[in-house]
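Participant: return atomic coordinates for the entry below.
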Amino acid sequence: MAIPPSDLTSDLTSDLSLDAADALVSEERWLLAEQSAERLDRWLAEQLPDLSRSRIQRLIEQGQVQINGQVCSSRKASLHAGDRVRLHIPPAEPLDLQPEAIPLDILYEDESLLILNKPTGLVVHPAPGHSDGTLVNALLAHCENLAGIGGVQRPGIVHRLDKDTSGAIVIAKTDQAHQHLQAQFKRKTARREYLAVVYGAPDTHSGTIDAPIGRHPIDRKKMAVVPEEKGGRRAVTHWQVVERLGNYTLMQFRLETGRTHQIRVHSASIGHPVVGDPVYGSGRSIGVNLPGQALHAWKLRLQHPISEDWIEVTAPQPKFFLTLLEVLRRRG
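Facilitator: Numbers count the residues shown, from 1 in each chain. As a prediction, this is how the structure comes out:
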């Protein structure tokens with residue numbers, strides 16, 4: 001239960017000037033525990049749905065929470081009925097990133113979330129060698145108050161797509177939406193479907209690849225199928241043939257898990273690497289100028305974090321992808 005700051009003023013202002021206290025109070029959340037709770041972080045997350053649990057945990061670890069006037073830095077601390085909790089939320093850490101007016105292909109947008117059709121070649125978030133010109137730079141120009149949601153360097157990012165993979169990607173515009181959407185991906189209720197052109201022709205119409213993925217044991221810049229006892233994490237990809245194109249196949253993939261490069265690694269592991277993949281592909285020229293791998297995040301289905309209605313969007317395939325299919329059909 002929230003309580004007015006005046007009830008706790010003596011705990012707060014004993015060693016502060018009025019100006020400093022006023023500035024601090026404006027950043028405060030005041031709460032009263034009406035009954036006992038086993039974990040402080042869970043209780044705060046229930047009381048403050050606009051803040052993600054991960055953010056609350058960080059604030060606790062930073063000493064920004066007091067229980068009955070005493071700093072508490074343990075997320076597992078228990079609460080008793082009548083305990084008074086003060087949560088200080090410091091201003092969002094300033095971003096080194098600058099907003100950039102990069103055009104966005106918007107598939108859906110409201111006050112909580114944004115779904116985009118990411119083009120091939122656009123890096124999602126800053127990384128070594130890509131400090132600007134990223135999707136995050138574009139989002140900072142498009143959305144107000146995005147800074148700090150889900151992380152300073154990745155504001156609003158719920159999941160990612162590789163630089164050279166195009167298609168649907170969802171962005172959270174509030175902390176509550178970020179927490180809700182991440183939970184959907186973790187529970188596997190959010191559904192992601194991809195289209196890809198691969199080398200070769202699978203013997204069957206559909207199948208499932210259940211093979212753990214981890215860092216490549218030799219080339220640390222790559223991922224690979226790695227046994228779980230050697231650090232691999234379970235990865236499951238469902239696939240089916242959409243169209244056979246001679247020595248190539250248009251396939252649909254559905255992710256059950258979300259490991260780095262999952263479709264690219266899994267497809268290559270069964271002998272059908274994605275066409276144009278510079279890392280896991282065959283290296284053979286196909287006679288079509290491709291800006292990246294022929295892999296497209298085609299459909300995204302998720303539950304709206306506020307209304308709980310289901311949203312499904314389809315991202316139109318990029319021009320190069322359609323051209324590739326036309327060429328292969330003519331050859332076939």
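Participant: show me where pLDDT drops low in the stretch 51-200 of the chain?
Facilitator: Residue ranges of the stretch 51-200 of the chain with pLDDT under 70: 92-95, 128-129, 153.
Participant: quick one, helices of it?
Facilitator: Assignment of helices within the stretch 51-200 of the chain using DSSP state H, counting those that start in this stretch yields the ranges 53-61, 135-142, 175-187.
Participant: make JSON lines out of these and add distance to residue 286 and mean neighbour count.
Facilitator: In short, each C-beta sits where N, CA and C put it, glycine included. Shown next, in JSON lines, are those (distance: least, CB to CB, whole Å; neighbours: other CB atoms under 10 Å):
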{"stretch": "helix 53-61", "distance to residue 286": "43", "mean neighbour count": "18"}
{"stretch": "helix 135-142", "distance to residue 286": "28", "mean neighbour count": "21"}
{"stretch": "helix 175-187", "distance to residue 286": "33", "mean neighbour count": "19"}
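Participant: compare the ones you listed and give me the one nearest residue 278.
Facilitator: Of all these, helix 135-142 sits nearest to residue 278, with 20.5 Å by CB to CB.
Participant: what is the closest one packed up against?
Facilitator: With contacts taken as 3 or more CB pairs under 8 Å, 6 or more residues apart in numbering; DSSP states H and E, helix 135-142 sits against strand 113-118.
Participant: ok now the strand it packs on, how far from the chain's centre?
Facilitator: Centroid separation for strand 113-118 versus its chain: 12 Å, with CA atoms, centre = their mean, to the nearest Å.
Participant: for residue 238, which non-adjacent residue is spatially closest?
Facilitator: By the measure of CB to CB, 6 or more residues apart in numbering, the closest residue to residue 238 outside its immediate chain neighbours is residue 254, 4.4 Å from it.
Participant: pull up the pairing partners for the helix or strand encompassing the one you found, direction included.
Facilitator: According to DSSP states H and E, residue 254 maps onto strand 248-255. Paired with strand 248-255 in the same sheet, following DSSP bridges, are strand 191-199 (antiparallel), strand 236-245 (antiparallel).
Participant: any idea which of those is most buried?
Facilitator: strand 191-199 (a mean of 23; mean count of other CB atoms under 10 Å).
Participant: list the contacts of that strand.
Facilitator: For strand 191-199, the external contacting residues (CB atoms under 8 Å, 6 or more residues apart in numbering) are 167-168, 242, 245, 247-255, 258, 263, 267, 272-275, 281-282, 284, 293-302, 317, 321, 324-325, 328.
Participant: ok, back up a step: helix or strand right after the strand holding residue 254?
Facilitator: helix 262-269.
Participant: contacting residues for residue 291?
Facilitator: 120, 121, 164, 320.
Participant: tell me the SS of the nearest residue to the second one once chain neighbours are set aside?
Facilitator: If I follow you right, that is residue 121. Leaving aside its chain neighbours, residue 121 sits nearest to residue 291 (5.7 Å; criterion: CB to CB, 6+ apart). For residue 291, the assignment made with DSSP: H, G, I helix; E, B strand; the rest coil gives coil.
Participant: what's the ChimeraX syntax to select whichever of the contacts of strand 191-199 are buried?
Facilitator: Those of those that count as buried under 16 or more other CB atoms under 10 Å are selected in ChimeraX with:
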select :167,168,245,248,249,250,251,252,253,254,255,263,267,272,273,274,275,281,293,294,295,296,297,298,299,300,301,302,317,321,324,325,328
